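> Okay, predicted coordinates and the sequence, questions at the end:
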There are 2 protein chains.
Amino acid sequence: MHTWICPSFEKAMRLLAQRWTGMIIYQLLSGPQRFCHMESALGISGKVLSDRLKDLENEGIVKRTIYPETPVRIEYSLTDKGLAFEPIMREVERWSQTWLPSASP
Amino acid sequence: MHTWICPSFEKAMRLLAQRWTGMIIYQLLSGPQRFCHMESALGISGKVLSDRLKDLENEGIVKRTIYPETPVRIEYSLTDKGLAFEPIMREVERWSQTWLPSASP
DNA sequence: ACAGTTAGTTACTTTATGTAAGTAATTTTA
DNA sequence: TAAAATTACTTACATAAAGTAACTAACTGT
């Protein structure tokens, strides 16, 4: 059994270990976005994006806002809890730039 | 198509989005460890741990050292590339402590 | 000799992810 | 005005990844 790792930390890691979760949060760090924009920006399928956004909404990380314009516009954005991922993303960025230099063309 | 996200960043995220990868790195940040110790500390199955350690070795994040004692001892440790994950883990820890306070008993 | 440990592997099941097409409500274009 | 496109999804199905449990092989301690 394993009881020696902090459960909060474990849960956070489990979130990030869900495929696409991190990329979705990173994508939303650049501002509120619509479903189909995220779909093409990330190269993710509608099904998985839909699932992930629902999960992230349930976790209180993403907020779904309906603008009842005509046509209706639905935007996804980060809550404070989601915005607080920024330092993590910055460190991932730093690590990747140091240790995974882009391949030569 | 999606070409606007840095490929290095994407690769780093894909690493972390592999289940257990983050937890294994975190576990090894506390020092070199043997297979069966990690197995029980993380509550991961031997099969998956074996797979992940192989992947991480190929990525140059984990080093496998054989001590030809009797009986033979095999230890897994982080390379510099692996140790450089520490700031990321610290930020994940910080986020989790702020936003995922442990449930009441 | 027998049970236990270590570092795995193998076979099989379950879950997660990906792919492609479909839908319903609009809106733009010919 | 009919046909095509867009948005925000869902559904059905295929494949890949993870989990479970049992097994192996080499040793070791009792």
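Yep, that arrived.

> Run through the strands of chain A in chain order.
With strands called from DSSP state E, chain A shows them at A:33-34, A:62-67, A:73-78.

> what would those strands look like in JSON lines with mean neighbour count and distance to residue B:97?
Every residue, glycine included, has its C-beta placed from N, CA and C. Shown next, in JSON lines, are the strands of chain A (neighbours: other Cβ atoms under 10 Å in any protein chain shown; distance: least, Cβ to Cβ, whole Å):
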{"stretch": "strand A:33-34", "mean neighbour count": "14", "distance to residue B:97": "29"}
{"stretch": "strand A:62-67", "mean neighbour count": "14", "distance to residue B:97": "21"}
{"stretch": "strand A:73-78", "mean neighbour count": "16", "distance to residue B:97": "19"}
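
> could the ones you listed be laid out in CSV, adding distance to chain B and mean pLDDT?
Below are those laid out as CSV (distance: least, Cβ to the nearest Cβ, whole Å; pLDDT from 0 to 100):
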stretch, distance to chain B, mean pLDDT
strand A:33-34, 13, 94
strand A:62-67, 13, 94
strand A:73-78, 12, 95
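
> can you pull the pLDDT of the residue nearest in space to the middle of chain A?
Nearest to the mean C-alpha position of chain A, by Cα atoms, centre = their mean, lies residue A:25 at 2.1 Å. What the model reports for residue A:25 is a pLDDT of 97.

> Residue A:3 too?
48.

> Equivalent analysis for the one 5 residues further on, please.
Per-residue confidence for residue A:8 comes out at a pLDDT of 94.

> Could you check how many residues crowd around the closest residue to residue A:102 other than its chain neighbours?
In space, and not counting its chain neighbours, residue A:102 is closest to residue B:8: 5.6 Å by Cβ to Cβ, 6 or more residues apart in numbering or on different chains. Residue B:8 has 19 neighbours, counted by other Cβ atoms under 10 Å in any protein chain shown.

> Would you confirm that residue B:8 contacts residue A:97?
Yes. Applying Cβ atoms under 8 Å as the test, residue B:8 and residue A:97 come out as touching, 6.1 Å apart.
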